[in-house]
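K.L.:
Sequence and predicted structure are below.
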Number of protein chains: 2
Amino acid sequence: MNVTILSESVIRRAVGAEPAALEAIAEAFVALSAGRVSMPPVIRVDIHAFGGEVDVKTAYIEGLDSFAIKIASGFPGNTARGLPSGSGLMVLMGAETGFLQAALLDNGYLTDLRTGLAGALAARHLAPLQVDTVGVFGSGQQARWQVRCLRLVRDFRRVLVHAQTPANRDRYVAEMQAELGLEVQAVDEPAELVAQSQVVITTTPSRSPWLRAQWLHPGLHITAVGADGEHKQELEAGIVAAADVLACDSRRQCERLGEMRHLPPGGIERVAELGELAAGLRPGRQHEDEVSVCDLTGVGVQDTAIARLCLARATALGLGTPFVD
Amino acid sequence: MNVTILSESVIRRAVGAEPAALEAIAEAFVALSAGRVSMPPVIRVDIHAFGGEVDVKTAYIEGLDSFAIKIASGFPGNTARGLPSGSGLMVLMGAETGFLQAALLDNGYLTDLRTGLAGALAARHLAPLQVDTVGVFGSGQQARWQVRCLRLVRDFRRVLVHAQTPANRDRYVAEMQAELGLEVQAVDEPAELVAQSQVVITTTPSRSPWLRAQWLHPGLHITAVGADGEHKQELEAGIVAAADVLACDSRRQCERLGEMRHLPPGGIERVAELGELAAGLRPGRQHEDEVSVCDLTGVGVQDTAIARLCLARATALGLGTPFVD
């Protein structure tokens, strides 16, 4: 059995927030929306004693010679111990034989990246063309990756951030300002942050809605990343009801696990999937003053796409550890 | 991140068909039946183009510091290419942090072993005490592992085997006779094989029932391993209806995916779980002339138990490859 093991440092060298990765994710969403995918529902195991959960996602895209199975953990309690809350790994299985091809010990890096890239794809089709200010709620990995990946599709001058823990917020400001070379400012009032932003990104694990419908303004695009379970919600139900343009990664999943749960009956029909936007089958934003919302819950095709690209890159670079038994 | 990688050869040295492994599996079933387990439903991804499937199972047993996620593939078409049909791996995740602890690249070995051990646990509580002859349907891995593990709980003199492909059947006879040092014979007539056996083990991937209720005889125990999906069935429905004693690994799963699907309404109530038998909460066989049936579909607690034992053994033996990034 010939297996390649990729460490996190190798994986970080192989793939990042770059155009080729965005195109790989776009292609995966197109395949998903076209029905060329075998993708079972997510499974989740809860570790109540430690307040953690582990999700497993997978998706086979027809015609490809491998597919990923992704194991992602979320243990919010780790943060208090100075450890990252998210971790995990991906494995690539051969589609012809079912044999293990590679184990990507990414500790959650590829999940962070592919989620940021989905946000960039949403913004490509939904954000206004002119974006001056990006507003971010939360100061964790997605608060960073959404902004990094957004630069692939929009130029912007300034990032505003609102986060509950001052120390985390201040670290975000300092680190992202250095990394991006842009103006990054903390904002105390959520309403003010939204008022000043053309793109708003919500990345909190909130269980009750806090983004108010009354804060919507013409030309606003919202990407909601936080809600990915029946128990989570960031946006007031009035927001998805009022938006001019709605999109999501997977209708089937978002009407069960995401913000689209709160649409009025039948409302899911007017929600475009990212794959339909990328394929040109449904329009995205058509006027600069529309309000648009994209709901991301994360789907296995993203994992298959990014893991395959990563292994191909690592192989081409001569990286990775062959594991021969 | 400190991860241990165990190769198949290391895994085979660390754990096998032995009493300690059987007790580990028994404890896991006791925890499952006592409700001390978080175990989501299995997910399956189908690779229609190649007639394969990959299942993912997981279970957290309360109080333990790690749990397994198991990825198991079944690609029957591999056999024609001289490759094993089953493969896969297990990973162990830390229960406190969600971090990856170990990757066990077993290519399906631990699944084969833990499935055989479940059969041994069933036989411990359900088979007659006097077993002269064991009858096996099928000639694959489970046709071997069920017999290997059965020796942990019963002495028997002879193994009869029925299999569709003569070459596979003859290889089974030759190899198992050499391995076990017992009489191993091929039998062409299924009815005759059942008539001569006190324990019958069915390991075929059949989609229609072929074991006839009219073949039942006093003192027979059947362990049905093959059916683990809505589309699979080995036993005529009359068999579970007629049996004096019924057991399974998980009622919730077997009434959906196993032979217990074919019970009359309400019939599932009289099916004991292996964990209830092992804990002494329900009786097993009470008379030598009863007919008993155990239905195995495979549950994640078995994977957690065997993977933990394997890692502990390998660590104690100084085996395994530390993977430090």
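P.N.:
Good, I have the coordinates. Residues are numbered from 1 along each chain as shown, chains lettered A, B, ... in the order given.

K.L.:
Do a quick rundown of the helices in chain A.
P.N.:
A:8-14, A:19-33, A:109-126, A:141-150, A:166-180, A:190-196, A:237-242, A:251-257, A:274-278, A:300-316 (DSSP state H).

K.L.:
Alpha carbons of the shortest one, in PDB - could you do that?
P.N.:
By that I understand helix A:274-278. Written as PDB, here are the backbone C-alpha positions of helix A:274-278 (Å, rounded to 0.1, in the frame of the first residue of the first chain):
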ATOM      1  CA  LEU A 274     -23.000  29.000  -5.600                       C
ATOM      2  CA  GLY A 275     -22.600  26.300  -8.300                       C
ATOM      3  CA  GLU A 276     -25.500  27.800 -10.200                       C
ATOM      4  CA  LEU A 277     -24.000  31.300  -9.900                       C
ATOM      5  CA  ALA A 278     -20.600  30.000 -11.000                       C
END
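
K.L.:
Show me what it is packed against.
P.N.:
On a contact count with 3 or more CB pairs under 8 Å, 6 or more residues apart in numbering or on different chains; DSSP states H and E, helix A:274-278 meets helix A:19-33, helix A:109-126, strand A:245-248. For glycine as for every other residue, the C-beta is placed from the backbone atoms N, C-alpha and C.

K.L.:
The first one vs chain B: in contact?
P.N.:
Which is helix A:19-33. No. Judged by CB under 8 Å from any CB of the partner chain, helix A:19-33 makes no contact with chain B; its nearest approach is 13.5 Å.

K.L.:
Convert the C-alpha atoms of that helix to CSV, please.
P.N.:
Presented in CSV, the C-alpha positions along helix A:19-33 are these (Å, rounded to 0.1, in the frame of the first residue of the first chain):
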residue,chain,number,x,y,z
PRO,A,19,-6.7,32.1,-8.0
ALA,A,20,-6.1,28.4,-8.9
ALA,A,21,-7.6,27.3,-5.5
LEU,A,22,-10.6,29.6,-6.1
GLU,A,23,-11.2,28.0,-9.5
ALA,A,24,-11.0,24.5,-8.1
ILE,A,25,-13.6,25.4,-5.5
ALA,A,26,-15.8,27.0,-8.1
GLU,A,27,-15.7,23.9,-10.3
ALA,A,28,-16.6,21.7,-7.3
PHE,A,29,-19.7,23.8,-6.6
VAL,A,30,-20.7,23.6,-10.3
ALA,A,31,-20.5,19.8,-10.1
LEU,A,32,-22.5,19.8,-6.9
SER,A,33,-25.3,22.0,-8.3
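
K.L.:
and that helix, how far out from the chain's middle?
P.N.:
Chain-centre distance of helix A:19-33: 13 Å, with CA atoms, centre = their mean, to the nearest Å.

K.L.:
Run through who's touching it.
P.N.:
Helix A:19-33 is contacted by residues A:15, A:37, A:39, A:59, A:61-62, A:113-114, A:117-118, A:120-121, A:149, A:152-153, A:249-250, A:273-276, A:278-279, A:281, A:299, A:301-302, A:304-306, A:308-309 when judged by CB atoms under 8 Å, 6 or more residues apart in numbering or on different chains.

K.L.:
switch the cut-off to 7 Å
P.N.:
Helix A:19-33 is contacted from outside by A:15, A:37, A:61, A:113-114, A:117-118, A:120-121, A:152, A:249-250, A:273-276, A:278-279, A:299, A:301-302, A:304-306, A:309, using CB atoms under 7 Å, 6 or more residues apart in numbering or on different chains.

K.L.:
What of stretch A:256-272?
P.N.:
A:224, A:227-230, A:233-235, A:237, A:240-241, A:246-248, A:251, A:254-255, A:282, A:295, A:297.

K.L.:
Tell me the spacing between the closest residue to A:M39 other than its chain neighbours and A:A307.
P.N.:
Sequence neighbours aside, A:A59 is the residue nearest to A:M39 in space, at 3.9 Å (criterion: CB to CB, 6 or more residues apart in numbering or on different chains). Counting by CB to CB, to the nearest Å, the gap from A:A59 to A:A307 is 11 Å.

K.L.:
More neighbours: the two, which one.
P.N.:
Shown here are A:A59 and A:A307; by other CB atoms under 10 Å in any protein chain shown, A:A307 has more neighbours (28 against 23).

K.L.:
Please name the residues that touch that one.
P.N.:
By CB under 7 Å, 6+ apart, the contact list for A:A307 reads A:A68, A:M90, A:L92, A:L104, A:L110.

K.L.:
Okay, now stretch A:37-55: how far is its last residue from its first?
P.N.:
19 Å (CA to CA, to the nearest Å).

K.L.:
ok, how many other residues are close to A:S87?
P.N.:
Number of residues near A:S87 (other CB under 10 Å) recorded here: 27.

K.L.:
Please list all residues in contact with it.
P.N.:
Counted by CB under 7 Å, 6+ apart, A:S87 has contacts A:S73, A:N107, A:G108, B:G98, B:F99, B:L100.

K.L.:
repeat that for 6 Å
P.N.:
By CB atoms under 6 Å, 6 or more residues apart in numbering or on different chains, A:S87 lies in contact with A:S73, A:N107, A:G108, B:G98, B:F99.

K.L.:
So what does the last one look like in phi/psi?
P.N.:
When read as degrees, to the nearest 10, the backbone of B:F99 gives phi -80, psi 150.
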